[in-house]
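**Q** Sequence first, predicted coordinates after that:
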Amino acid sequence: MDKGEATAISLAAEYENSLLIIDEIKGRKTAKEMGISVTGSLGVLIAAKTKGHIQTVKPLIGKIQKTNFHISEELIDQVLKKVNES
């Protein structure tokens, strides 16, 4: 976990009922152990579609995949099924 994730976790810990958006596995585990609610980038996309802020998730996942961010095909399939884009 790098300094940025550690700082984000510390800040989230200071505020009751905060939601930490973090994708890094070690950081997510640490935050959960501290009782902090977490979601990741894909969770934000799911929420955005569910609330009608975006029409589709699949093209955005495609853009994310063009970066150095790794998402397993299994997770992509789960997300697309959840938002009825499978």
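**A** Noted; the coordinates are in hand.
**Q** Asp23: neighbour count?
**A** 18 (other C-beta atoms under 10 Å). The C-beta positions use only the backbone N, C-alpha and C, and glycine is treated the same way.
**Q** Sorry, wrong one. I was asking about Leu19.
**A** For Leu19, the tally of surrounding residues (other C-beta under 10 Å) stands at 14.
**Q** Surely it is in contact with Val38?
**A** Yes - with contacts counted by C-beta atoms under 8 Å, Leu19 reaches Val38, the gap being 7.3 Å.
**Q** I'd like to check which residues are in contact with the residue nearest the centre of the chain.
**A** For the chain, Gly40 is the residue whose C-alpha lies nearest the centre (C-alpha atoms, centre = their mean; 0.9 Å). Residues counted as contacts of Gly40 (C-beta atoms under 8 Å, 6 or more residues apart in numbering) are 21-23, 28.
**Q** So what touches the longest helix along the chain?
**A** The residue-count maximum for a helix in the chain (DSSP state H) belongs to helix 3-14. For helix 3-14, the external contacting residues (C-beta under 8 Å, 6+ apart) are 18-20, 22, 24, 26-27, 30-31, 34, 36.
**Q** Looking at those residues, which has the smallest pLDDT value?
**A** Within the set of the contacts of helix 3-14, pLDDT is lowest for Glu24 (91).
**Q** quick one: it and Glu33, what's the gap?
**A** As judged by C-beta to C-beta, to the nearest Å, Glu24 and Glu33 stand 14 Å apart.
**Q** who has more neighbours, those two?
**A** A direct count of neighbours by other C-beta under 10 Å for Glu24 and Glu33 places Glu24 higher, at 15 against 8.
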